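Asks: The following block contains a protein sequence and its predicted model.
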Amino acid sequence: MKFATKCVHAAEKPDPAFGAHTTPIFQTSTFIFENSRQGAARFAGEEVGYVYARIPPNTPTHAVLAEKFAALEGGEAGQTFASGMAAITAVALTALKKGEHLISTDVVYGCTYSLFSEVLTGLGIEVSFIDTSELENVKRAFKQETKMIFLETPANPTMTVCDIREIARMAKENGALCIVDNTFSTPCFQKPLELGADVSLSSCTKYIGGHADLLGGIVAGNSSFIQKMAPVVGYTGGIMGPHEAWLCIRGLKTLHIRMERHAENAMKVAEFLESRPEIEWVRYPGLPGHPQHELARKQMSGYSGMLSFELRGGIEAGSRLMDNVRLCSLAVSLGATDTLIQHPASMTHACVPLKVRNRVGITDGLVRLSVGIEDYEDIIADLEQALDKI
């Protein structure tokens, strides 16, 4: 099946009990065994089946979502989570132990940075944050203890792009796993597993759910890693609720259509912003002026709906812009049907130390825009009237 058909049909089949066309919500915490031997066999891992909603495969609703997402990413299996951060945490705790080393993109979501720099280091795991857009930096960063490299590409919020294929090759040569946060692109526009990565993960809160009405996370990879991760999932308990899983299944059915509109609108908005004298620069992978535009063309089939730009006048100019938008919503998160605007230095990345923000390019004048699926002319008109007030 082609991608759009997989969005609609992958992993789904009529409910065997009643023939329901759509996947039911299995709103249950536990499952009944036919006899004590079956219960013992399932807990021992000798028989595949459902035992308790916290323990993978959780419920049949979760199983459909995990299988559908894995099919879209080109993976063998998947696992759902309560949030994107729960997904990243489970992957890290599965791949790393005390005394081992993690290499991470230096520009990552603020909470990812804090998880790595505070929580993992507290567990005795060494973490190196580097500019992974420069391959020589990556090559030098590997050491004998390196067991995982984490890429966020395009990066939040600078839109920096990393060479997944080449870095995944380096990771394999050094006996490390390559993990990619694919939230910005989704499998619609970028397939890390096909480029050689071991794991691709996304925050379902964003484009997967697509409507800013749920929290969730999801991971796809090979079956052995997903199975290895299962005890971490069960013991830490950061699982998605069945209703959220159902909403994500529904969201994936229109992912291809929404992503095409997000990307089309974002290009129009990026081109408009480039023309304004109030703007120092615009970062959108689809623009020829993006530093890694050629790489983006090579490994992405589209450029999604995320962009960032630097305002002349710093944080004061940014505040005036955000305080004067009418259609755009001043809110964190991204990937919603409506356009969201926010200031990373004081919001999503405020937990990142100032000196680190300045070093990696998260300046006080940087504004992040999640372009929605409204009419692009209305988005541009709103930004235009707000820019006129600066």
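Replies: Now that the structure is in, tell me what you want to look at.

Asks: By residue count, what's the longest helix in the protein?
Replies: In the chain, taking DSSP state H as the definition, the longest helix is helix 255-274.

Asks: and for it, what are the contacting residues?
Replies: Under the contact criterion C-beta atoms under 8 Å, 6 or more residues apart in numbering, helix 255-274 has outside partners 3-4, 7, 72, 186, 188-189, 207-208, 210, 279, 282, 284, 286-287, 289, 302-307, 309, 335, 337, 369, 371-374, 376, 379-380, 383-384. C-beta coordinates here come from the backbone N, C-alpha and C atoms, glycine included.

Asks: now do 6 Å
Replies: By C-beta atoms under 6 Å, 6 or more residues apart in numbering, the list of residues contacting helix 255-274 from outside reads 4, 7, 188, 210, 279, 282, 284, 286-287, 302-305, 307, 309, 371, 373, 376, 379-380.

Asks: Now the buried members of these.
Replies: Among the contacts of helix 255-274, those classed as buried by 16 or more other C-beta atoms under 10 Å are 7, 188, 210, 279, 282, 284, 286-287, 302-305, 307, 309, 371, 373, 376, 379-380.

Asks: Just those residues: which are in strands?
Replies: Judged by DSSP state E, those include 279, 282, 307, 309 as members of strands.

Asks: Between these, which sits nearest residue 81?
Replies: Proximity of these to residue 81 (C-beta to C-beta) peaks at residue 307, which lies at 27.1 Å.

Asks: which residues does the closest one contact?
Replies: With C-beta under 6 Å, 6+ apart, residue 307 has these contacts: 266, 270, 284, 369.

Asks: could those go into JSON lines alongside pLDDT and distance to residue 113?
Replies: Converted to JSON lines, the contacts of residue 307 look like this (pLDDT from 0 to 100; distance: C-beta to C-beta, whole Å):
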{"residue": "266", "pLDDT": "98", "distance to residue 113": "25"}
{"residue": "270", "pLDDT": "98", "distance to residue 113": "26"}
{"residue": "284", "pLDDT": "98", "distance to residue 113": "23"}
{"residue": "369", "pLDDT": "97", "distance to residue 113": "21"}
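
Asks: now those as TSV including distance to residue 31?
Replies: Shown next, in TSV, are the contacts of residue 307 (distance: C-beta to C-beta, whole Å):
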residue	distance to residue 31
266	44
270	49
284	47
369	45
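
Asks: separation between residue 306 and residue 333?
Replies: With distances taken as C-beta to C-beta, to the nearest Å, residue 306 is found 11 Å from residue 333.

Asks: what angle do the longest helix of the chain and strand 279-283 make?
Replies: Computed with axes from the mean of the first three to the mean of the last three C-alpha atoms, to 10 degrees, the direction of helix 255-274 lies at 150 degrees from that of strand 279-283.

Asks: List the buried residues of helix 255-274.
Replies: Result for helix 255-274 [16+ other C-beta under 10 Å]: buried residues 255-256, 258-259, 261-267, 269-270, 272-273.

Asks: Tabulate the CA atom coordinates of that helix in CSV.
Replies: Extracted in CSV, the C-alpha atoms of helix 255-274 (Å, rounded to 0.1, in the frame of the first residue of the first chain):
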residue,chain,number,x,y,z
LEU,A,255,-2.2,12.7,8.6
HIS,A,256,-1.1,12.8,4.9
ILE,A,257,-3.8,15.4,4.0
ARG,A,258,-3.1,17.6,7.0
MET,A,259,0.7,17.5,6.5
GLU,A,260,0.5,18.5,2.9
ARG,A,261,-1.6,21.6,3.8
HIS,A,262,0.7,22.4,6.8
ALA,A,263,3.7,22.3,4.5
GLU,A,264,2.1,24.3,1.7
ASN,A,265,1.0,27.0,4.1
ALA,A,266,4.4,27.1,5.9
MET,A,267,6.3,27.7,2.6
LYS,A,268,4.0,30.6,1.8
VAL,A,269,4.4,32.1,5.3
ALA,A,270,8.2,31.6,5.2
GLU,A,271,8.4,33.4,1.9
PHE,A,272,6.3,36.3,3.2
LEU,A,273,8.4,36.6,6.4
GLU,A,274,11.6,36.7,4.3
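
Asks: what about that helix, distance to the chain center?
Replies: In terms of C-alpha atoms, centre = their mean, to the nearest Å, the centre of helix 255-274 is set 18 Å apart from its chain centre.
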